[in-house]
Each structure stands twice: as C-alpha cells, then as structure tokens.
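A.B. asks: Here's a sequence, model it:
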Amino acid sequence: MDMNWCLQSLVLHLMLCRQFFRHLLKYRI
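C.D. replies: Numbers count the residues shown, from 1 in each chain. Below is the predicted model of the structure:
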C-alpha cells in the first residue's frame, strides 16, 4: 500500500470527523 495515499486518506477522515462533530454540536445547542 502506498504510504502517501494512506496519509491523505487519514487526513481526509480527520477533516470529515471534525466537520461531523461540529455539526452535532451545532444542532445540539
């Protein structure tokens, strides 16, 4: 497996998770 691809995937996942949690917090309040 390509290391660069793995890193990009991880970064993308982190960004998505962050947006998702922000969304949850926004609707929770």
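
A.B. asks: how close does M3 sit to F21?
C.D. replies: According to CB to CB, to the nearest Å, M3 and F21 sit 27 Å apart. All C-beta spots, glycine's among them, are computed from the backbone N, C-alpha and C.

A.B. asks: One more: H13?
C.D. replies: For H13, the distance to F21 - CB to CB - is 13 Å.

A.B. asks: hmm, back to that, if you count what's nearby, which of M3 and F21 comes out ahead?
C.D. replies: F21 (10 against 7; other CB atoms under 10 Å).

A.B. asks: Determine how far the helix or strand hosting that one lies from the middle of the whole chain.
C.D. replies: Here F21 is covered by helix 3-28, with elements defined by DSSP states H and E. Chain-centre distance of helix 3-28: 1 Å, with CA atoms, centre = their mean, to the nearest Å.

A.B. asks: What mean pLDDT does that helix get?
C.D. replies: Helix 3-28 carries an average pLDDT of 92.

A.B. asks: tally of neighbours for L25?
C.D. replies: When neighbours are defined as other CB under 10 Å, L25 has 9 of them.

A.B. asks: I misspoke; the intended subject was K26.
C.D. replies: As a burial measure, K26 scores 8 neighbours (other CB under 10 Å).

A.B. asks: same deal with R18?
C.D. replies: Neighbours of R18 under the rule other CB under 10 Å: 10.

A.B. asks: what's the answer for L10, then?
C.D. replies: When neighbours are defined as other CB under 10 Å, L10 has 10 of them.

A.B. asks: Relative to N4, how far out is it?
C.D. replies: 11 Å.

A.B. asks: repeat for C17
C.D. replies: Separation of C17 from N4 (CB to CB): 21 Å.

A.B. asks: cool, R18 as well?
C.D. replies: According to CB to CB, R18 and N4 sit 21 Å apart.

A.B. asks: again, but for V11
C.D. replies: In this view, V11 and N4 are 11 Å apart by CB to CB.

A.B. asks: cool, F20 as well?
C.D. replies: Counting by CB to CB - F20 and N4 are separated by 25 Å.
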